[in-house]
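Engineer: 3D, please:
(one chain, ligands or ions: 1)
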Amino acid sequence: MSSPTPPVNSLTVDVAIIGGGIAGSSLSLVLRRAGLEVALIERERTFRDRIRGEAIHPWGTKEVHMMGLRPLLDEAGAISLPLWTRYRDAEASTPYAWTDDFPDSLGGISVNHLRLQQVLLQEARDEGVRVFWPASASPMKVQDGWDTTVSSTGGEKRLRARLLVGADGQRSATRTLIGGNVKRDPVHHHIGGMLVRGVDLPANSAHQAHHVAGFGLVYLQRDSLARAYYICPTEEAAELQGPSGTEAFIARVGALYPDGAFAQAEPAGPLGFFPNADLVSDRMAGRHAVLIGDAASANDPCQGHGLSLVFRDIRLLRDLVLDADIADVPERFASARKEYYAVLREHARWAAPLATETGEEIEALRAQIERAREADPSAGGFANLFATGPDGLHVDEAARAHFYGEDLPGATVFGYPQPAPERRTRPVEGPTNTSTMRAANE
Ligand SMILES: Cc1cc2nc3c(=O)[nH]c(=O)nc-3n(C[C@H](O)[C@H](O)[C@H](O)COP(=O)(O)OP(=O)(O)OC[C@H]3O[C@@H](n4cnc5c(N)ncnc54)[C@H](O)[C@@H]3O)c2cc1C
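Structural biologist: Below is the predicted model:
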């Protein structure tokens, strides 16, 4: 039985993408450049700072280059990060150059999320993607694809597509449509983020500064802006969410860096706190439909792999769409995506206690890990994750034990990662003022 004929005010495309975030708009460009007819639907007229990813690890930079997207990141004001600098007691160590261990590394990238979203959407329009922005979408399954009613100020249009892509973020309606459910992994700690103006640190490095129970991260951007993060136990995150939260946040992050680095710093966006845990979807694909980026499952934001994962998803999907029968794409996409995402999820669980826990037991584990890294600096490849990405790595009990040095002679098995302990304090779901609440809950 063939599908009914599309109505008059209709458009037939190869792929319809719901969500014009970095995932959706980048995918639309990459598919369009490969010769496909693509439609992209974004609901927000103007973008606001939701405290999302702006620093891309070296493996993600490589994906960006492989997709030919680097010039657009540069147009959005990207800064290259060939270095990573660590601080203890507000003192910088010698910056680490990625190329010391990975000679081909392109280093990391820092780029303003909103600017990049704007540039990508505009470019998609210029290169012939059918962009509906702002518009709402109501997809309906038909025999060989999806019919999507798109409503915008220009009226209604019926889009027929052989493949529907949900790039609509953590709260994906496309995921619900294909019968998927999402679950958060146990929360271990929190990450707070804010855009700050006036930080005085070198722009060509990421800046990671340790405190007793966590760390700060700072990535410089253009126009005297910087994205600052503070990773800490959930109780401390709750303390930082009062009316004076933004000042307290700047003071606490600033104290981790050399004198003067934050002397002129002031808020340039909302403050928001987020749980460290992954948001895991039980489906990444349905019939003639796939999910990419955060919609498909979002990794622990403290790890900073989200955008790299987005670009990896795009490469996988592009290659499948070009190589395989489109009806087979969803299943093949989901099977490959599950594999590399599992590596990031599991590594984040292993790393969580090491980030914020204090006390004798975790110190003993850290010492054991240090010995393990002398024997195998790569930790079976997992220590290279930020440089080379998850491809080729497999998570199992042996990999976990090796990561923690439990396979060393005379090693101790500490039982990590442990599930998060029950906490008596109110869990942090979002900050207290309206702008930050919106940022944290979306
Ligand atoms: C605190 C924090 C820090 C992070 N730090 C980093 C980092 O340093 N590095 C990194 O790589 N990643 C980081 N991430 C993760 C990264 O931000 C995300 O993985 C990435 O933004 C996901 O992009 P996306 O396009 O899939 O989703 P989103 O950015 O959420 O985009 C989804 C888009 O879909 C649109 N949309 C939603 N529903 C509909 C609908 N029904 N119709 C039409 N449009 C719709 C939305 O308006 C939005 O534009 C961080 C995340 C958090 C929370």
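Engineer: Now find how far off-centre stretch 237-246 is within its chain.
Structural biologist: Here stretch 237-246 is found 24 Å from its chain centre; the criterion is CA atoms, centre = their mean, to the nearest Å.
Engineer: which strands and helices sit next to the longest helix along the chain?
Structural biologist: Longest helix of the chain, by residue count under DSSP state H: helix 329-356. If you count contacts as 3 or more CB pairs under 8 Å, 6 or more residues apart in numbering; DSSP states H and E, helix 329-356 packs onto strand 214-220, strand 225-232, strand 285-286, strand 289-291, helix 306-323, helix 360-375, helix 385-388, helix 397-403. Yep, even glycine has a C-beta here, placed from its N, CA and C like the rest.
Engineer: Would you mind writing the CA trace of stretch 212-232 as PDB?
Structural biologist: Below are the C-alpha coordinates for stretch 212-232, written out as PDB (Å, rounded to 0.1, in the frame of the first residue of the first chain):
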ATOM      1  CA  VAL A 212      39.100  20.600  48.300                       C
ATOM      2  CA  ALA A 213      35.900  19.000  47.000                       C
ATOM      3  CA  GLY A 214      35.800  19.700  43.300                       C
ATOM      4  CA  PHE A 215      37.200  22.100  40.700                       C
ATOM      5  CA  GLY A 216      36.600  25.200  38.600                       C
ATOM      6  CA  LEU A 217      36.900  25.400  34.800                       C
ATOM      7  CA  VAL A 218      37.300  28.600  32.800                       C
ATOM      8  CA  TYR A 219      37.300  29.000  29.000                       C
ATOM      9  CA  LEU A 220      37.900  32.400  27.500                       C
ATOM     10  CA  GLN A 221      35.700  33.700  24.700                       C
ATOM     11  CA  ARG A 222      35.700  36.700  22.400                       C
ATOM     12  CA  ASP A 223      34.700  40.200  23.600                       C
ATOM     13  CA  SER A 224      36.200  39.800  27.200                       C
ATOM     14  CA  LEU A 225      33.700  37.000  27.900                       C
ATOM     15  CA  ALA A 226      34.500  33.700  29.700                       C
ATOM     16  CA  ARG A 227      32.500  30.700  30.600                       C
ATOM     17  CA  ALA A 228      33.100  29.700  34.200                       C
ATOM     18  CA  TYR A 229      32.100  26.400  35.800                       C
ATOM     19  CA  TYR A 230      32.200  25.300  39.400                       C
ATOM     20  CA  ILE A 231      32.000  21.500  40.200                       C
ATOM     21  CA  CYS A 232      31.200  20.800  43.800                       C
END
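Engineer: change the start of the numbering to 27 and stick with it
Structural biologist: Shifting the count to begin at 27 puts that one at stretch 238-258.
Engineer: is the ligand contacted by it?
Structural biologist: No: counting by CB under 6 Å from any ligand atom, the ligand has no neighbours in stretch 238-258; the shortest distance is 6.6 Å.
Engineer: Return the set of buried residues in that stretch.
Structural biologist: For stretch 238-258, the buried set under the neighbour-count rule, 16 or more other CB atoms under 10 Å, comprises 240-247, 251-258.
Engineer: right, and residue 244 touches residue 279 too?
Structural biologist: Yes: the pair residue 244 / residue 279 is scored as a contact, 7.2 Å apart, by CB atoms under 8 Å.
Engineer: Which residues are in contact with each of the two?
Structural biologist: Shared contacts of residue 244 and residue 279, defined by CB atoms under 8 Å, 6 or more residues apart in numbering, are found at 235, 254-255.
Engineer: Now flag whichever of those is closest to residue 221.
Structural biologist: Of all these, residue 254 has the smallest distance to residue 221: 7.8 Å, by CB to CB.
Engineer: sec struct for the closest residue in space to residue 301 that isn't next to it in sequence, please.
Structural biologist: Nearest in space to residue 301, with sequence neighbours left out and distances taken as CB to CB, 6 or more residues apart in numbering, is residue 213 at 4.2 Å. Using DSSP: H, G, I helix; E, B strand; the rest coil, the structure places residue 213 in coil.
Engineer: Let's see the pLDDT reported for residue 213.
Structural biologist: Residue 213 is assigned a predicted lDDT (pLDDT) of 96.
Engineer: Residue 227 falls within a strand, correct?
Structural biologist: No: under three-state DSSP, residue 227 sits outside any strand and is assigned coil.
Engineer: Verify the stated contact: it with residue 244.
Structural biologist: Yes: shown here, residue 227 and residue 244 form a contact pair, counting by CB under 8 Å, at 6.0 Å.
Engineer: Now the common contact residues for the two.
Structural biologist: Joint contacts of residue 227 and residue 244 (CB under 8 Å, 6+ apart) are 233, 252, 283.
Engineer: May I have stretch 358-374 as CSV, with CA atoms only?
Structural biologist: Written as CSV, here are the backbone C-alpha positions of stretch 358-374 (Å, rounded to 0.1, in the frame of the first residue of the first chain):
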residue,chain,number,x,y,z
ARG,A,358,22.2,0.9,12.5
PHE,A,359,22.5,4.4,13.9
ALA,A,360,21.2,3.3,17.3
SER,A,361,23.4,0.3,17.5
ALA,A,362,26.6,2.3,16.9
ARG,A,363,25.5,5.3,19.0
LYS,A,364,24.8,3.1,22.0
GLU,A,365,28.3,1.7,21.9
TYR,A,366,30.3,5.0,21.9
TYR,A,367,27.8,6.7,24.2
ALA,A,368,28.2,3.8,26.7
VAL,A,369,31.9,4.5,27.0
LEU,A,370,31.3,8.2,27.9
ARG,A,371,28.5,7.4,30.3
GLU,A,372,30.5,4.7,32.2
HIS,A,373,33.7,6.8,32.3
ALA,A,374,31.7,9.7,33.8
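Engineer: list the buried ones in that stretch?
Structural biologist: 358-360, 362-363, 366-374.
Engineer: What of stretch 124-138?
Structural biologist: Result for stretch 124-138 [16+ other CB under 10 Å]: buried residues 124, 128, 131-138.
Engineer: okay, how far is it across it, tip to tip?
Structural biologist: Its start and end residues considered, stretch 124-138 measures 22 Å (CA to CA, to the nearest Å).
Engineer: what is the rounded mean pLDDT of it?
Structural biologist: Rounded mean pLDDT across stretch 124-138 is 98.
Engineer: Tell me how far the residue of the stretch 327-468 of the chain found nearest the ligand lies from residue 438.
Structural biologist: At 2.3 Å from the ligand, residue 332 is the closest residue in the stretch 327-468 of the chain, using CB to the nearest ligand atom. Going from residue 332 to residue 438 by CB to CB, to the nearest Å gives 34 Å.
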